[in-house]
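1. show me how the following folds:
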Amino acid sequence: MNKTKIIAIFIVLAVLLPLLFIYFQKDETSKNNIPIVEITYPLDGTVVSKIVTISGTATDPDGNDDIERVEITIDSRWDIVEGTNIWSYEWKVFDFEEGFYTVKVRSWDGTDYSKTKEINIEIDNPEVVETDAHKWAIFIAASNFPEENESKLGNGGLNLAEKISAHFIENLGYSTSNIIVLFDDGWIREDNGYGDPIMTLDERKHDYNITYGAATKETLVSTINYVVDESNKFSDSEIFLWISSHGCGDSDRILFGGRVLKRSELFLWDDTLSDKELSDILSGLKSKKTCIIVDACYSGGFADKTIINIPEFFLFRSSLSKSGRVVMTGASKYRVGYASTTEGPLFSQLWFYGLISGNADGFRPGLLNTGRPTILKIFKDGKVSAEEAFYYARYILRTSKTLEDYSKMEPQINDQYPRRGYFGSIKGLIFGE
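-> Model (predicted):
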């Protein structure tokens, strides 16, 4: 080989080798690492019923946490879950047949899917047992909405819901399987609700094995429909429904809160719920012993009342109140309510204390249902009805010096238990009997 050819080869190699090195180096550095997805709750083999929140994490090994979506399938199509790096999916299993189901999840970073993770879950919806404990309780609290503002209510609603639940279980014969708590989007957040999500309601340590879910409209409707269907199987069913949230209104419009010629309405996590909508959802309920408490600003319309015990204009009546029901609200249709971020809404706190302490025993409606203690001992029987606890709460709000700033809440009541009419509702609703 002559010197010219050797020089030519060296020149070609000198040009090509750097180019090849750059090409392969570029290919190596531009290679996408597939994302990773994990299921943190529930564990493989878990037995679930009613509502279960499946949750987990997704990460991008490339270091930029660029997860576009997480998808889930439960023996069917792929659905997109809530969240990305921390994600959750609420599975309502009321209408699913009992048996084993495979849950699969995967994450997508815009280029590649992760490897699929899967767990097996068994659905075992407990049957309604033929006993005398045909009692159901639903607690709904929407408190810490995503917007960063002062309107967050903290975890007080959840805390109070669990206190009332414990009392119903320990003292009133309610089964843990018949108590459902719906709170926010199903997650607990740091800093009493003001921070980032840290765990789902299901993942927390519980004193009792009750059912938890999110306070979304879809979950509310499916939960109430489930309870209506189950309770309608028994003529002696007892229902307690408690809702706490922000009410829709304008606090700058002092006289009527902007609610004249409007229905009472409150916020759920993802939507709103009017008094008429709640009435329609409960229209099929046959229970002759039902207590409903709606504790929110401007909520009086849920009891078909406006203010100072004045009935709602007939065109705006919800008909939520009917024979066999006691409906209470934490404020009138035109007034704001108040809540503690750790203890829950004020009216419900007073109502519950009057119920469990016995202090409300014998309390009467008084003028315009503002509440008064009884003068005659014959009205004290050692038991506290739902109505007596209401009149106690109203009385305390009206007379307590420490609560003067909250005295204008004006909670409302529409008592039609056990029947419509003044004489039909003399007998109070005693829980657990």
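2. what ranges does the stretch 101-250 of the chain have for its helices?
-> 156-171, 217-231 (DSSP state H, counting those that start in this stretch).
3. now, of those helices, which is deepest in the fold?
-> helix 156-171 (a mean of 20; mean count of other CB atoms under 10 Å). Glycine gets a C-beta too; all of them are placed from N, C-alpha and C.
4. could you list the domains of the protein?
-> 36-123, 135-425 (automatic domain parsing).
5. Throw those domains into a markdown table and include distance to Gly432 and mean pLDDT, thanks.
-> Formatted as a markdown table, the domains of the chain follow (distance: least, CB to CB, whole Å; pLDDT from 0 to 100):
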| stretch | distance to Gly432 | mean pLDDT |
| --- | --- | --- |
| domain 36-123 | 22 | 93 |
| domain 135-425 | 3 | 94 |
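6. ranking these by burial, who's on top?
-> For these, the largest average neighbour count (mean count of other CB under 10 Å) is found in domain 135-425, namely a mean of 20.
7. next one: stretch 322-329 to chain centre, how far?
-> Its chain's C-alpha centre and that of stretch 322-329 lie 21 Å apart, by CA atoms, centre = their mean, to the nearest Å.
8. contacts for it, please.
-> Outside of stretch 322-329, the residues within contact range by CB atoms under 8 Å, 6 or more residues apart in numbering are 264, 287-296, 299-305, 320-321, 351, 386-387, 390, 411-420, 424, 429.
9. picking up where we left off before, now the domains of the chain as CSV including distance to Glu433?
-> CSV is the format used below for the domains of the chain (distance: least, CB to CB, whole Å):
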stretch, distance to Glu433
domain 36-123, 26
domain 135-425, 8
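10. closest to Arg335 out of the helices of the stretch 101-250 of the chain?
-> With CB to CB, the closest approach to Arg335 among the helices of the stretch 101-250 of the chain belongs to helix 156-171: 19.3 Å.
11. which residues in the stretch 251-400 of the chain form strands?
-> 265-267, 272-274, 290-295, 325-329, 339-340, 344-345 (DSSP state E, counting those that start in this stretch).
12. who does the last one pair up with?
-> The pairing partners recorded for strand 344-345 under DSSP bridges are strand 339-340 (antiparallel).
13. do the same with the fourth one
-> Next to strand 325-329 in the sheet, as set by DSSP bridges, lie strand 290-295 (parallel), strand 412-415 (antiparallel).
14. convert the C-alpha atoms of it to PDB, please.
-> The C-alpha trace of strand 325-329 is given here as PDB (Å, rounded to 0.1, in the frame of the first residue of the first chain):
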ATOM      1  CA  ARG A 325     -88.000  13.200  58.800                       C
ATOM      2  CA  VAL A 326     -86.300  15.900  60.900                       C
ATOM      3  CA  VAL A 327     -84.300  18.300  58.800                       C
ATOM      4  CA  MET A 328     -82.000  20.800  60.500                       C
ATOM      5  CA  THR A 329     -79.600  23.400  59.100                       C
END
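15. can you give me the strands for the stretch 1-150 of the chain?
-> Applying DSSP E, counting those that start in this stretch to the stretch 1-150 of the chain gives strands spanning 36-41, 47-48, 51-59, 69-74, 79-80, 86-92, 99-108, 117-123, 135-141.
16. now render the ones you listed as CSV, adding distance to Met328.
-> Below are the strands of the stretch 1-150 of the chain laid out as CSV (distance: least, CB to CB, whole Å):
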stretch, distance to Met328
strand 36-41, 36
strand 47-48, 33
strand 51-59, 26
strand 69-74, 39
strand 79-80, 38
strand 86-92, 28
strand 99-108, 40
strand 117-123, 36
strand 135-141, 15
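17. out of those, which gets nearest to Tyr174?
-> Going by CB to CB, the one of the strands of the stretch 1-150 of the chain nearest Tyr174 is strand 135-141, 4.8 Å.
18. what helices or strands is that closest one leaning on?
-> helix 156-171, strand 179-183, helix 217-231, strand 238-244 (3 or more CB pairs under 8 Å, 6 or more residues apart in numbering; DSSP states H and E).
19. let's go with 10 Å and repeat that
-> Counting contacts by 3 or more CB pairs under 10 Å, 6 or more residues apart in numbering; DSSP states H and E, strand 135-141 packs against helix 156-171, strand 179-183, strand 211-213, helix 217-231, strand 238-244, strand 290-295.
20. in TSV, list these along with distance to Lys205.
-> TSV is the format used below for the helices and strands packed on strand 135-141 (distance: least, CB to CB, whole Å):
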stretch	distance to Lys205
helix 156-171	12
strand 179-183	15
strand 211-213	12
helix 217-231	23
strand 238-244	23
strand 290-295	27
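21. right, so of the ones you listed, which gets closest to Glu122?
-> That would be strand 211-213 among the helices and strands packed on strand 135-141, by CB to CB, at 16.0 Å.
22. list the residues that contact Asp229.
-> The contact partners of Asp229, taken as CB atoms under 10 Å, 6 or more residues apart in numbering, are 94-95, 284-285.
23. please determine how far the closest residue in space to Gly366 that isn't next to it in sequence is located from Trp108.
-> Spatial nearest neighbour of Gly366, chain neighbours left out: Arg372 (3.6 Å); criterion: CB to CB, 6 or more residues apart in numbering. Counting by CB to CB, to the nearest Å, the gap between Arg372 and Trp108 amounts to 64 Å.
24. repeat that for Ser357.
-> Separation of Ser357 from Trp108 (CB to CB) stands at 55 Å.
25. please apply the same query to Lys401.
-> Where Trp108 is concerned, Lys401 sits at a distance of 60 Å (CB to CB).
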